[in-house]
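Enquirer: no letters, just coordinates:
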């Protein structure tokens, strides 16, 4: 059998569809039958809401008819592709809120309005209680009438006789049995009224009182041939339908509260790492018993990595590595796979350590561009239901919105703190990093570098060559620093290197490696040769960044005086001799 693509409403947590009352869907989609008891999949049972399975056994096929309105509600939203055997179709998953909303839960479906006078289900045909009582009453009347008639006949036989005692005895022999039989029949009618009317009505009143007090598990449990019995069964079915809908409302309200909490937690996240931690907890809230993970591409990359998962379960272990390799991301819509063994299932689902499975993949988009996917798996051919897909879609929207805001904020910060020409941090960010080192009492060596004769280079070869020279030197600095070192463009042709937790002697060796790297880069570049002078000092020479920079500047000026292309260490004494009691040239 060739697998195809279809839309499907039921998931593994929903009961099997019954063929008792098929309900037509929109043109081109499959006919889906009404389930015995509609249920909401993939949501934990809500406390204090009793189970309705008993009611299903009580009311039988009539309950199916009573819930038909609920089953004819609009199907899942546009945009969910369900990959399945046998049929082809497309179902959508309505969000019920704008992309920027904190809650995107599918709205609770309501029964469609019916034309006036049209019944929502078939009325049960039963015998009225009055029919049996009427029959017994007629029988009693007939018995009395026959007794009276027999008494007349007997009396007529004694017309020519004067034997009055015999007449009385004969009449009594006829009338007394008739009266007794009539009394018995009337007693039976009274008992029938009590059994078929008074007792059921009393039990129905008890059910109504219980429902009024909030106990939706109350049932009359009446089953019989009369119209009162039919009324009791219809009431049981109606209470069962209300119980199901109340459960749905409670589940919807519960997810709404959880969704708001997730939104607030994401709003409090100050960075992507914190947002990933919130995603960990959110996946556990959606379904604590299901494997689920968030695969996300870092800002500016297309490589997918697992950044969050339901920590109470093992990871689904999706092996997809690139954004373009994910089916859900390529389609930009949720995709449900019935079985990893189907010919049209995602190849990434096959060969999992836990065997064949079904799966749901919901893309995560940032600023309209898919950058990740929420992935969860379930038992083979029993994929998660529509409610779970809707909750994952909600979480996807919330994550995408928050990640988009965080990435936009980070981009703005980088643009404000980055030199556009070289891509290095600018003076604003440098001062912030120096202040942080000083606040933590972290010792460091500061190196101030200045390109020699840069004005002559600009005048001789033009500003384009000058810009390329600055970019080349910035790249040399990037290549020659450690991961925790700080480099920045101070302004013009001046650059700063900061070496935390390094001695002056070691820093001089590091600067020599920068000079060697510059020579090597110039040898393979079209940029004219140039040199650089360096002034070095230690953080112990000043209490703040300005004081430390002033001393390093003194070393740089001394390197220029010595003929440029020099490395000079400076302390407070050299700074006092260079600048005297006045301020340095930068101030």
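Expert: Cool, got the structure. What you see is a predicted model, and the numbers here were worked out from it, not measured in a lab.

Enquirer: which residues touch the nearest residue to residue 476 once chain neighbours are set aside?
Expert: Sequence neighbours aside, residue 517 is the residue nearest to residue 476 in space, at 4.6 Å (criterion: C-beta to C-beta, 6 or more residues apart in numbering). Every C-beta, even on glycine, is put in place using the N, C-alpha and C of the backbone. Residues near residue 517 by C-beta atoms under 8 Å, 6 or more residues apart in numbering: 476, 479, 480.

Enquirer: now swap in residue 539 and tell me
Expert: Residues near residue 539 by C-beta under 8 Å, 6+ apart: 437, 438, 443, 444, 445, 446, 548.

Enquirer: can you show me the strands along the stretch 251-400 of the chain?
Expert: Remark: strands assigned in the stretch 251-400 of the chain by DSSP state E, counting those that start in this stretch are 292-296, 305-309, 335-337, 357-366, 369-379.

Enquirer: so residue 496 is in which element?
Expert: Assessed by DSSP states H and E, residue 496 sits inside strand 494-500.

Enquirer: ok, that strand: who's next to it in the sheet?
Expert: strand 444-451 (antiparallel), strand 486-491 (antiparallel) (DSSP bridges).

Enquirer: Throw the ones you listed into JSON lines and include mean neighbour count, distance to residue 411 and mean pLDDT, thanks.
Expert: Shown next, in JSON lines, are those (neighbours: other C-beta atoms under 10 Å; distance: least, C-beta to C-beta, whole Å; pLDDT from 0 to 100):
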{"stretch": "strand 444-451", "mean neighbour count": "24", "distance to residue 411": "28", "mean pLDDT": "96"}
{"stretch": "strand 486-491", "mean neighbour count": "21", "distance to residue 411": "19", "mean pLDDT": "93"}
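
Enquirer: nearest to residue 213, out of those?
Expert: strand 486-491 (70.6 Å; C-beta to C-beta).

Enquirer: chain center to that closest one: distance?
Expert: 44 Å (C-alpha atoms, centre = their mean, to the nearest Å).

Enquirer: stretch 539-549 too?
Expert: Remark: stretch 539-549 is offset 52 Å from the chain centroid, using C-alpha atoms, centre = their mean.

Enquirer: quick check: end-to-end length of that stretch?
Expert: Using C-alpha to C-alpha, to the nearest Å, one end of stretch 539-549 lies 9 Å from the other.

Enquirer: pLDDT on it, on average?
Expert: Mean pLDDT, stretch 539-549: 93.

Enquirer: how far does stretch 259-277 sit from the chain's center?
Expert: Per C-alpha atoms, centre = their mean, the centroid offset for stretch 259-277 relative to its chain is 13 Å.

Enquirer: typo on my end, it should be stretch 539-556
Expert: Relative to the chain's own centre, stretch 539-556 is displaced by 54 Å; criterion: C-alpha atoms, centre = their mean.

Enquirer: can you pull the buried residues of that stretch?
Expert: Using 16 or more other C-beta atoms under 10 Å as the burial criterion, the residues of stretch 539-556 that qualify are 539, 541-542, 545, 548-556.

Enquirer: one more: stretch 483-503?
Expert: Within stretch 483-503, the residues that count as buried by 16+ other C-beta under 10 Å are 485-490, 493-500, 502.

Enquirer: ok, back up a step: turn the contacts of residue 517 into a markdown table, columns for secondary structure.
Expert: Below are these laid out as a markdown table (DSSP: H, G, I helix; E, B strand; the rest coil):
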| residue | secondary structure |
| --- | --- |
| 476 | helix |
| 479 | helix |
| 480 | coil |
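
Enquirer: for those, which one is nearest residue 252?
Expert: When the contacts of residue 517 are ranked by distance to residue 252 (C-beta to C-beta), residue 479 comes first, at 57.1 Å.

Enquirer: what about the closest one, neighbour count?
Expert: When neighbours are defined as other C-beta atoms under 10 Å, residue 479 has 12 of them.

Enquirer: wait, what's in contact with residue 510?
Expert: With C-beta under 8 Å, 6+ apart, residue 510 has these contacts: 480, 481, 497, 499, 502.

Enquirer: residue 243 is in contact with residue 218, isn't it?
Expert: No. Residue 243 is not in contact with residue 218 according to C-beta atoms under 8 Å; the separation is 9.7 Å.

Enquirer: skipping its backbone neighbours, what lies nearest residue 494 in space?
Expert: Residue 494 sits nearest to residue 450 (C-beta to C-beta, 6+ apart), 5.0 Å away.

Enquirer: any idea what the one you found is bridged to?
Expert: Beta-bridge partners, per DSSP bridges, of residue 450: residue 494, residue 533.

Enquirer: hmm, it is touching residue 532, no?
Expert: Yes. The pair residue 450 / residue 532 is scored as a contact, 6.7 Å apart, by C-beta under 8 Å.

Enquirer: picking up where we left off before, between all of the contacts of residue 510, which two are separated the most?
Expert: 480 and 502 (13.3 Å).

Enquirer: what's in contact with the helix or strand where residue 546 lies?
Expert: Assigned by DSSP H and E, residue 546 belongs to helix 545-561. The contact list for helix 545-561, computed with C-beta under 8 Å, 6+ apart, reads 431, 434-435, 438, 446-450, 452, 496, 533-537, 539, 541-542, 566-572, 574-575, 577-579, 584-587.

Enquirer: helix or strand right after that helix?
Expert: strand 567-569.

Enquirer: neighbouring strands of that next one in the sheet, and parallel or not?
Expert: For strand 567-569, the paired strands and their directions (DSSP bridges) read strand 532-538 (parallel).

Enquirer: tilt between the partner strand and helix 545-561?
Expert: Orientation check (axes from the mean of the first three to the mean of the last three C-alpha atoms, to 10 degrees): strand 532-538 against helix 545-561 gives 140 degrees.

Enquirer: any idea how far strand 532-538 is from the chain center?
Expert: Using C-alpha atoms, centre = their mean, the offset of strand 532-538 from its chain centre is 55 Å.

Enquirer: rewinding a little: out of the contacts of residue 517, which one sits closest to residue 165?
Expert: Using C-beta to C-beta, those come closest to residue 165 at residue 479, 142.2 Å.

Enquirer: and the gap between that closest one and residue 219?
Expert: Counting by C-beta to C-beta, to the nearest Å, the gap from residue 479 to residue 219 is 79 Å.

Enquirer: can you check residue 271 too?
Expert: Taking C-beta to C-beta, one finds residue 271 at 55 Å from residue 219.

Enquirer: the two: who's more crowded?
Expert: residue 219 (21 against 10).

Enquirer: picking up where we left off before, so which of the buried residues of stretch 539-556 is the closest to residue 367?
Expert: For these, the closest approach to residue 367 (C-beta to C-beta) belongs to residue 545, at 36.3 Å.
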